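got a predicted structure plus its sequence, pasted below:
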Amino acid sequence: MKRLFRNKSSKTKMAEQGITNGNRGEPVLGVPNMNTIDMAQMQQGNPATPPPQQSQQPMMKPVSNPPVADAYKSQSHFPAEDLNAVTRELVKKFVADIWNRGDVDMIPEVCHKSLRFNGSVGMDRVGHDGFARMVQTIRDALADYHCEVHSMVVEGNKAFARMRFTGRHTGPLLGFEPTGKNVAWVGASEFTIKDSKILKVWELGDVKSLEGQLSSIS
């Protein structure tokens with residue numbers, strides 16, 4: 001009787017401490033009763049399981065775009081002053097040697113292999129050969145052809161020129177038969193340089209004035 005009383009007293013003490021045996025609810029030595037622990041923690045105001053911590057993403061620094069480089073910086077390794085001089089010299093050779101002297105052999109030296117010439121007389125040309133044919137056609141139609149640069153502004157790989165064109169009408173031009181008379185008109189051109197050569201030429205001439213002179217002479 002004394003042993004049974006002692007065993008019963010032990011079980012009672014285990015139950016009071018919240019120690020139970022699995023699903024049967026019987027006391028198990030050394031295993032805490034989770035329900036009892038949960039209740040104790042709730043009474044203390046602490047949740048049984050702490051909430052998961054939200055991972056904090058590192059703040060990304062704003063990426064600042066580099067300043068936009070000037071056009072000439074992306075086209076050449078020359079300093080600005082040197083590139084201006086190169087651009088100016090190329091335009092001078094383009095006018096004096098190729099157009100005024102008719103030296104088409106200078107085209108590969110002065111002009112880029114992908115040259116594009118957009119003219120106001122309906123003679124757009126691409127490449128060295130196409131441009132050479134254009135020069136020859138104009139010079140055949142206008143003897144003593146001459147282009148005079150009145151003013152020029154150079155900025156990096158760009159040049160803008162105001163020009164005056166003259167010649168003697170000795171061949172078919174703009175649908176007019178040769179008259180042998182002198183003609184003159186003005187125009188402006190924009191030049192774009194790449195790899196130390198002229199890549200693009202955009203020219204706008206006073207073609208209406210030229211057509212008026214050719215028609216009145218006829």
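That came in fine, so what should we check first? Residues are numbered from 1 along each chain as shown.

for the closest residue to residue 152 other than its chain neighbours, which residues are in contact?
Using C-beta to C-beta, 6 or more residues apart in numbering and skipping the chain neighbours, the partner closest in space to residue 152 is residue 161 (4.4 Å). For every residue, glycine as well, the C-beta is placed using N, CA and C. Neighbouring residues of residue 161 by C-beta atoms under 8 Å, 6 or more residues apart in numbering: 91, 95, 149, 150, 151, 152, 153, 188, 189, 191.

return the member of these nearest to residue 209.
Closest approach to residue 209 among these (C-beta to C-beta): residue 188, at 13.6 Å.

now the closest one: which helix or strand?
strand 182-194 (DSSP states H and E).

so what strands line up beside the helix or strand just after that strand?
As assigned by DSSP H and E, the chain's next helix or strand after strand 182-194 is strand 197-205. Here strand 197-205 has these sheet partners by DSSP bridges: strand 111-118 (parallel), strand 182-194 (antiparallel).

need the contact partners of the first one.
Just to be clear, that refers to strand 111-118. Contacts with strand 111-118, where a contact means C-beta under 8 Å, 6+ apart, come from 94, 107, 123-128, 130-131, 134, 194-195, 197-203.

ok, the residue nearest to residue 152 to residue 91 distance?
Distance of residue 161 to residue 91, given as C-beta to C-beta, to the nearest Å: 6 Å.

between these two, what contacts are shared?
149, 152, 191.

quick one: residues contacting the second one.
For residue 152, the residues meeting the contact criterion (C-beta under 8 Å, 6+ apart) are 88, 91, 159, 160, 161, 162.

those residues in helices, which ones?
88, 91 (DSSP state H).

list only buried entries from the contacts of residue 152.
Buried members of the contacts of residue 152, counted by 16 or more other C-beta atoms under 10 Å: 88, 91, 159, 161.

from what I see, the third one and residue 94 are in contact.
Right, residue 159. No. With contact defined as C-beta atoms under 8 Å, residue 159 does not reach residue 94; the gap is 9.5 Å.

re the thing from before, from the contacts of strand 111-118, list just the buried residues.
94, 107, 123, 125, 127-128, 131, 134, 197-201, 203.

can I get the residues you listed in JSON lines including pLDDT and distance to residue 182?
Output for the buried ones among the contacts of strand 111-118, formatted as JSON lines (pLDDT from 0 to 100; distance: C-beta to C-beta, whole Å):
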{"residue": "94", "pLDDT": "97", "distance to residue 182": "24"}
{"residue": "107", "pLDDT": "97", "distance to residue 182": "27"}
{"residue": "123", "pLDDT": "61", "distance to residue 182": "21"}
{"residue": "125", "pLDDT": "76", "distance to residue 182": "26"}
{"residue": "127", "pLDDT": "93", "distance to residue 182": "32"}
{"residue": "128", "pLDDT": "96", "distance to residue 182": "31"}
{"residue": "131", "pLDDT": "94", "distance to residue 182": "26"}
{"residue": "134", "pLDDT": "91", "distance to residue 182": "22"}
{"residue": "197", "pLDDT": "97", "distance to residue 182": "33"}
{"residue": "198", "pLDDT": "98", "distance to residue 182": "29"}
{"residue": "199", "pLDDT": "97", "distance to residue 182": "33"}
{"residue": "200", "pLDDT": "96", "distance to residue 182": "31"}
{"residue": "201", "pLDDT": "96", "distance to residue 182": "25"}
{"residue": "203", "pLDDT": "93", "distance to residue 182": "21"}
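
I'm done for today, thanks for sticking with me.
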